Structures are given as structure tokens and as C-alpha cells.
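Student: need a 3D model of the sequence below.
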Amino acid sequence: MASPSSTTRTRITDDMVDTAAALYRQGWTLREIAVEQRCSFQRLSTLLRQRADVQMRTPAHPRALRLSPDKQAAIRAAVEQKMNQSEIARLTKVTPSTVARLAERENLTLFRGKRPKWDVDLARQMRADNVTYRKIADEVGVGIMTVWRRLNPASSRMPG
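Tutor: Below is the predicted model:
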């Protein structure tokens, strides 16, 4: 009886090898290409080296360098939009470390979710004028609970 994997394998033709070589050069991984071509990635690797004369990437090769120009552009655009590292990774279907390596290589500053600077004195004055926490938060550009916590320190909230 044939194993399940042997019945689902596709015979790899020269056209498939050429297509796979082109995809590999664009930055696709062997596993992605194997899924697309419905074949074993080990066999695909062997055929790419033997038939298509493709130079395989080493494990030490930086992932950012293997990204297609389109993916690199998408990552750069997301960094410019101040998206955080994990959001960019999900959007572009790469790992967060790949995003970080590309950003480091191109001297891009990743958004780290740092606390925004806001005018606490203005918030205190607005609260003294009976302005709601929501309106204060909208004015100074932070969350409502951020305003509330800052204007009501923990020491004054403790039951006593």
C-alpha cells in the first residue's frame, strides 16, 4: 500500500524547476515554493542546485537580504507609518526579527510604543475647569485612563 505522501506528490518538471528558481531568487523560502508546487522541499532543493544552477542561501545569510523588493518596500512604508514591529511582521508575513534586521540594516527607527509626551499641567488646568477626562484625553492625545491615572495618583486612591 502506498504511503499518503507518495500519492500526493507531484512529478517535478523542468518548467516547475524554472518557476521555483525564479521564486527562490525573489526571496521565497523553499518550504513556500514546495507548498506552491506540491512537492518535497528537500527534493526541490536538490533539483534547484542540480538543474537550475541556483546558489542556495546559507543559514547565516541575513533574512532581510532575501526579501523581495516589494516586501522590503512594504516594511519601509509600515515603519514610516509608525506601525510596531509585530504588526509589520504580520502584515508582510515575515518574522519580527526579520523586520528588525531590515530596519537596522537601513538605519530605520522602529516604533517602540514609547509613552507619548503630553502636557500634564494643561490637563490639570482643564480638569480644574471641570472639563471631562474624555475631552482632556482628546486634547492632549492620550487615553482617558492615562489622564485619570496621572491626575489621580495611586497614593490618593488608596482607601484609608
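
Student: can you give me the helices in this structure?
Tutor: Under the criterion DSSP state H, the chain carries helices at the ranges 4-8, 14-25, 30-37, 41-51, 69-80, 85-92, 96-105, 120-128, 133-140, 144-151, 154-157.

Student: TSV for these, including distance to residue 57, mean pLDDT and mean neighbour count?
Tutor: For glycine as for every other residue, the C-beta is placed from the backbone atoms N, C-alpha and C. Output for the helices of the chain, formatted as TSV (distance: least, Cβ to Cβ, whole Å; pLDDT from 0 to 100; neighbours: other Cβ atoms under 10 Å):
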stretch	distance to residue 57	mean pLDDT	mean neighbour count
helix 4-8	26	48	8
helix 14-25	9	86	16
helix 30-37	9	86	16
helix 41-51	11	83	15
helix 69-80	15	89	16
helix 85-92	19	87	17
helix 96-105	13	87	18
helix 120-128	51	93	14
helix 133-140	49	91	16
helix 144-151	45	90	16
helix 154-157	53	66	8
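
Student: centroid residue for this protein?
Tutor: In the chain, the residue lying closest to the centroid (Cα atoms, centre = their mean) is residue 89, at 1.0 Å.

Student: the residue lying closest to that residue once chain neighbours are set aside and residue 144, how far apart?
Tutor: In this structure, residue 89 finds its nearest non-sequential neighbour in residue 96, 4.4 Å apart by Cβ to Cβ, 6 or more residues apart in numbering. Separation of residue 96 from residue 144 (Cβ to Cβ, to the nearest Å) stands at 30 Å.
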